[in-house]
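Asks: Compute the structure for the input listed below.
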Amino acid sequence: MRKFAPPAAAGLAAAIAFAAAASAETVLRYTEPSVNRGERASALNWFAADVARRTNGALKINFFWGGALMDARSSLKGVGDRAAEMGSIVGSYTAREMLPYNVGDLPVGSSDVWVGLRAMYELATTSPDLGKAFDAANVVYLSNFTTTEVQLICKNRVLSKVEDFKGVKIRSAGFYGQVMESLGASVLRFSGTEANRALDAGTITCNHNYLYGMRILRDYEAAKDIIKLDWGQHLAWAVIVNKDVFGKLPADQQKALREAGSAMVDKVAELMIGANDNALAAMKAGIDGHKVNVHEFPAAEKEKLLKAGEKYFEDWKSKTNAAGYSADRILAQYRAHIDKYEAERKAKNYPWKR
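Replies: Now for the predicted structure:
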């Protein structure tokens with residue numbers, strides 16, 4: 001069995017490992033900051049099984065869950081330096097290195113989970129700008145995750161127009177928090193796990209979350225009004241492999257990793273859409289006596305929300321261009337991919353429903 005040695009073991013061990021016969025079993029260590037439960041973990045385990053199936057067991061993935069090897073902020077550098085062969089990275093934690101890829105966190109993309117994931121996957125695997133960023137980090141992009149659509153859950157408050165954000169205390173993050181601040185909201189930034197206590201205590205009125213997240217973190221116990229914004233997604237969230245390791249794998253194993261990565265995009269979408277649908281149904285029906293009310297944010301107001309986010313593209317564009325990439329080209333390609341997959345979804349439905 002081949003195992004890739006950490007940098008401390010360096011050179012000789014790695015050379016011996018790669019000199020082994022092509023039929024030898026190769027094990028890639030995967031650093032994952034979250035625990036082995038939930039939809040993302042299910043998708044990763046599915047991906048590993050698919051890789052093993054496509055390679056007849058010659059290529060396997062060994063997960064180190066819960067940040068056992070490194071935390072989320074260290075994953076890009078850690079995989080690039082081969083402290084682990086594979087890992088999950090969050091673009092916002094490496095904003096400078098992943099500037100082109102962070103287009104996926106701008107409030108511009110489709111709020112449809114599958115459309116957004118497919119658009120990001122195609123962008124990451126075809127864009128020269130994103131390719132340059134991944135190359136510079138010494139990693140190869142394989143697949144993508146998503147938070148799903150941004151929603152709000154509020155305590156004793158219903159937001160039905162953009163003017164309603166003024167003066168409201170909201171726990172949020174990233175570009176979405178900046179947009180809500182521009183609309184007059186008082187935005188607090190802390191972890192989602194603290195939001196339930198903050199809602200209960202009245203420290204915040206609303207929490208930026210996702211339907212499945214509201215169920216997992218039990219936000220419904222402290223607040224009962226879900227404002228269904230269906231606003232963008234956080235899509236700068238990838239599966240990567242060390243570029244040197246990938247380059248030394250046999251061609252059939254490289255192909256298996258790429259194909260499994262593409263297939264995983266559809267699996268992630270299927271699992272996350274299902275998780276959101278199930279969470280919403282459960283919260284509406286009532287969990288332990290706690291029911292929620294669902295309020296659809298009007299389409300005309302949603303357009304205003306999207307318009308309010310456009311000025312935040314400029315900061316990203318300025319930094320991205322200054323770093324030697326073409327922000328306009330990235331945005332144009334991304335939007336074209338969104339349009340392409342939105343048309344496919346409307347014509348054929350989701351892959352798992354065809």
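
Asks: Quick one: residues contacting residue 308.
Replies: For residue 308, the contacting residues are 162, 179, 182, 183, taking CB atoms under 8 Å, 6 or more residues apart in numbering as the criterion. Heads up, the C-betas are built off the backbone N, CA and C, glycines and all.

Asks: for this structure, which spans come out with low pLDDT?
Replies: 1-23, 109 (pLDDT under 70).

Asks: Could I get the full set of helices for the stretch 101-250 of the chain?
Replies: Using DSSP state H, counting those that start in this stretch, the helices assigned to the stretch 101-250 of the chain run over residues 113-126, 128-136, 174-182, 195-201, 211-216, 243-248.

Asks: so which of these gets nearest residue 290?
Replies: The stretch from the helices of the stretch 101-250 of the chain with the least distance to residue 290 (CB to CB) is helix 211-216; that distance is 10.6 Å.

Asks: outside of the closest one, which residues touch it?
Replies: 38-39, 147-149, 151, 153, 192, 207, 219-220, 226, 272, 275-276, 278-280, 282-283, 287.

Asks: Now list the buried members of these.
Replies: Buried members of the contacts of helix 211-216, counted by 16 or more other CB atoms under 10 Å: 39, 147-149, 151, 153, 192, 207, 219-220, 226, 272, 275-276, 279-280, 283.

Asks: So which of those sit within strands?
Replies: Secondary structure of these is defined by DSSP state E; positions in strands are 149, 151, 153, 207, 226.

Asks: Return the distance of the first one relative to residue 102.
Replies: Read that as residue 149. Separation of residue 149 from residue 102 (CB to CB, to the nearest Å) stands at 18 Å.

Asks: go on, the third one?
Replies: For residue 153, the distance to residue 102 (CB to CB) stands at 26 Å.

Asks: Over to the last one?
Replies: If you measure residue 226 against residue 102 using CB to CB, the figure is 28 Å.

Asks: same thing with residue 25?
Replies: 36 Å.

Asks: More neighbours: which of those two?
Replies: Remark: of residue 25 and residue 102, residue 102 carries more neighbours, 26 against 14, as counted by other CB atoms under 10 Å.

Asks: Contact partners for the more buried one?
Replies: By CB under 8 Å, 6+ apart, the contact list for residue 102 reads 91, 92, 95, 236, 316.

Asks: Tell me the helices and strands packed up against the helix or strand where residue 314 lies.
Replies: With elements taken from DSSP states H and E, the one containing residue 314 is helix 311-322. The elements that helix 311-322 packs onto, with contact taken as 3 or more CB pairs under 8 Å, 6 or more residues apart in numbering; DSSP states H and E, are helix 174-182, helix 327-348.

Asks: how about these, which one is nearest residue 142?
Replies: Per CB to CB, nearest to residue 142 of the helices and strands packed on helix 311-322: helix 327-348, 17.4 Å.

Asks: buried stuff in that closest one?
Replies: Within helix 327-348, the residues that qualify as buried by neighbour count (16+ other CB under 10 Å) are 327, 330, 331, 333, 334, 335, 337, 338, 341, 342, 345.

Asks: Stretch 125-145 now?
Replies: Buried residues in stretch 125-145, defined by neighbour count with 16+ other CB under 10 Å: 125, 127, 129-130, 133-134, 137-145.

Asks: what's near enough to touch residue 333?
Replies: 123, 126, 127.

Asks: Tell me the one of those residues nearest residue 230?
Replies: Each of the contacts of residue 333 was scored against residue 230 by CB to CB, and residue 123 proved nearest at 21.4 Å.

Asks: Hmm, the closest one is touching residue 329, no?
Replies: No. In this structure residue 123 lies outside contact range of residue 329 using CB atoms under 8 Å: 10.6 Å.
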